[in-house]
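In: task: produce atomic coordinates for the following.
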Amino acid sequence: VNGGQSFTPLPSGNFNNFDALLPGTASYTAAPVRVSSNYSADQAVFVVIGNPNMTSSVLCKSVNGGTTWSKLSNGARQIIGFALSPVYRESGANGTAQKTLMGNDCNGSLCTTLPVRSVNGGLTWTAVSGVPSIASYNFVFSPLIATDHTVFLLVSGSNTSGIWRSTDDGATFSPNGSGL
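Out: Numbering: from 1, shown residues only. Below you'll find the model as predicted:
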């Protein structure tokens, strides 16, 4: 409202909703928080909440500026980190880039991450193809994603570490350059 000069606490009942989203957790870790590029119109906010060591986590979304939350990741997916397209729009989306999230799925008790992608605002996720497994991933969307469809991926923790690139909104990746 005022460029971050002051902050207003969310309603006190706000975080009680997290109990229903991640039952049996006494304290929470929340990170990262991402907001829609169209926040003034759609009020969309995303956050990963989990127990303090993130062995159990869930991706949540609010469409009313954080007043209430709903659980997005379900089933076998345990999203522990994610990136939101810089042109994300909750409603009125007319292109894959406008509903795309890229994430890290913690896969198993050792939390070997698997890169995943959602093209419907986080409702469903599919594994990304063309990247090495058993690595750590950090996604960065091109600021021109709506026209160039480019997503960069920093792969670390494997013998194929480096920068990888997608030119199809994050569906597939290939190594990008050498020397890193």
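In: separation between Leu84 and Val128?
Out: 16 Å (CB to CB, to the nearest Å). C-beta: built from backbone N, CA, C; applies to glycine.
In: leaving out chain neighbours, which residue sits closest to Thr124?
Out: Counting by CB to CB, 6 or more residues apart in numbering, Ser118 is the residue found nearest to Thr124 once chain neighbours are left out, at 6.3 Å.
In: shouldn't that neighbour be in contact with Trp125?
Out: Yes. The pair Ser118 and Trp125 qualifies as a contact (CB atoms under 8 Å) at a distance of 5.0 Å.
In: find residues that contact each of the two.
Out: Gly103 (CB atoms under 8 Å, 6 or more residues apart in numbering).
In: looking at those two, which one has more neighbours?
Out: Trp125 (26 against 22; other CB atoms under 10 Å).
In: which residue comes closest to the more buried one once chain neighbours are left out?
Out: Using CB to CB, 6+ apart, the nearest residue to Trp125 is Val116, at 4.3 Å.
In: next, that neighbour: secondary structure please.
Out: strand (DSSP: H, G, I helix; E, B strand; the rest coil).
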